[in-house]
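Trainee: predicted model follows, preceded by the sequence.
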Amino acid sequence: MFFIISLIAILDCNSQNLTKDYKVINEIDSIRQRFHIPGLVIGVATSNKILLSESFGIRQINTNDSVTINDYFHIASLGKGLTSFMIGKLVDEGKITWDTKFFDLFPELKESSRTEYHDLKLMDLLSMRTTLKSLNDWSVKQTIDGYNEKYKENRFSYYKFAEYALTLEPIKYDSGQFYNYTSMGYVLANLMIQKASGLTYAQLLEKTNKDLGVNFIVGWPQGFNKNQPSGHLIPAQSGWGESNKLEVLNGDRFTDWGEDFLFYNIPSGHHSVSVLDYLKYLQVNLKGLIGQDNYLQSATYDFIFNGAKEYSMGWGNDIVNGNHYYSHSGSAGNYYANAIIIKESGIVISIMANAGNGETKWGLLQIIKYLEKKYAT
């Protein structure tokens, strides 16, 4: 009789959990449809358990090809946190320090560089505490065109591009501004870690994948498999055309200077991954933040997330309702991804979509708020 009662209780509990998940999934899909998002994936987890993972919608508009939970999505600037994580491993191994100066490793470039850049440290480059030119808005075209005109024989060279960037006039901070969001710092940081480790960025990423049991790739989802979700945007909103309708935009249309833009942004944001692998990566970070030494030392995690005010090493940080709240979003215009770690609640949230227009971003914000309310309060 005790066994039967216990079994009924377990089944009832499971039924309630299934009902709860069903309600959450239905609500998220209704938001997705309301904001005309083609497809998305979500994941919510504690440090050691996945609470919810689900896929919604279609891989490409005007098809019936459904998104799956194992599909890859482009995560753009979420790559900054990943690169900082990889650097954290090199710091723990004693191969480089957060205080290492760029010109300590590349003294031959100092003479041709502007004096304003002479004291740049690795931590400055990762936390956006520089006056380097933007690599994140349309002005980047002028920078890339200027570089290509000067270095016709070195179109894709991190070293030469960094050399050129260090000759450009520094930007000026506005009153009250204390960091300057630009991926240019990650171009320089990439050179530093390659010099310190003796490995290419691709080799460092491959090692990290193997160590964690995940698979971050460089490039678009279609670079992994041609049947992966396509990116979408509204051209008139993004400067890619005049149409006000959602259109497919994959890597094959990133031509001319756009190819250069993606190449130089690899260390800071040209990765794709599945939401399940990204959740696994977030869980490792959460464990480190709550004091566990694992892949990195817990002190290293603390520095990555809290080493600088508001924007640290590839992560935004804040205190929200008494919780340490870490987040980042990423988009190259045609996909959109968001990641959140809430330390005291012990929750990580990841959401990825195959569109990056304004309506999509607003819809994903509603989903994030909904998930936070359900799982982190």
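Mentor: Okay, I see it.
Trainee: touching, Ala332 and Ser268? I think so.
Mentor: No. At 11.1 Å, Ala332 does not count as touching Ser268 under the criterion of C-beta atoms under 8 Å. In short, each C-beta sits where N, CA and C put it, glycine included.
Trainee: which one of the two has more residues nearby?
Mentor: Of the pair Ala332 and Ser268, Ser268 is the one with more neighbours under other C-beta atoms under 10 Å, namely 28 against 24.
Trainee: okay, the closest residue to Ala332 other than its chain neighbours and Ala339: tell me how far apart.
Mentor: Distances taken as C-beta to C-beta, 6 or more residues apart in numbering place Ala76 nearest to Ala332, at 4.9 Å, with adjacent residues excluded. Distance check for Ala76 against Ala339: by C-beta to C-beta, to the nearest Å, it reads 11 Å.
Trainee: contacting residues for the residue nearest to the spatial centre of the chain?
Mentor: Among the residues of the chain, the one closest to the centroid is Leu78, at 0.6 Å (C-alpha atoms, centre = their mean). By C-beta atoms under 8 Å, 6 or more residues apart in numbering, the residues touching Leu78 are Gly269, His271, Tyr278, His328, Ser329, Gly330, Ala337, Ala339.
Trainee: the same query, at a cut-off of 7 Å, please.
Mentor: With contacts defined as C-beta atoms under 7 Å, 6 or more residues apart in numbering, Leu78 is in contact with His328, Gly330, Ala337, Ala339.
Trainee: turn the residues you listed into TSV, columns for secondary structure.
Mentor: Below are these laid out as TSV (DSSP: H, G, I helix; E, B strand; the rest coil):
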residue	secondary structure
His328	strand
Gly330	strand
Ala337	strand
Ala339	strand
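Trainee: can you map out the helices along the stretch 251-377 of the chain?
Mentor: Using DSSP state H, counting those that start in this stretch, the helices of the stretch 251-377 of the chain run over 257-264, 266-269, 275-289, 298-306, 358-375.
Trainee: nearest to Glu54, out of these?
Mentor: Judged by C-beta to C-beta, the one of these that comes nearest to Glu54 is helix 275-289, at 9.1 Å.
Trainee: quick one: distance of that closest one to the chain centre.
Mentor: 13 Å (C-alpha atoms, centre = their mean, to the nearest Å).
Trainee: counting by contacts, list what it packs against.
Mentor: strand 39-45, strand 50-57, helix 201-212, helix 298-306, strand 336-342, strand 347-353 (3 or more C-beta pairs under 7 Å, 6 or more residues apart in numbering; DSSP states H and E).
Trainee: what's the third one packed up against?
Mentor: Helices and strands touching helix 201-212, by 3+ C-beta pairs under 7 Å, 6+ apart, are helix 184-197, helix 275-289.
Trainee: got it, and the second one?
Mentor: Contact analysis of strand 50-57 by 3+ C-beta pairs under 7 Å, 6+ apart lists helix 2-34, strand 39-45, helix 275-289 as its packing neighbours.
Trainee: what do you get for the first one?
Mentor: Packing partners of strand 39-45 (3+ C-beta pairs under 7 Å, 6+ apart): strand 50-57, helix 275-289, strand 347-353, helix 358-375.
Trainee: same list (these) but as a markdown table, adding mean pLDDT, distance to Phe35 and mean neighbour count.
Mentor: A markdown table is the format used below for these (pLDDT from 0 to 100; distance: least, C-beta to C-beta, whole Å; neighbours: other C-beta atoms under 10 Å):
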| stretch | mean pLDDT | distance to Phe35 | mean neighbour count |
| --- | --- | --- | --- |
| strand 50-57 | 97 | 11 | 18 |
| helix 275-289 | 98 | 19 | 22 |
| strand 347-353 | 98 | 10 | 27 |
| helix 358-375 | 96 | 3 | 17 |
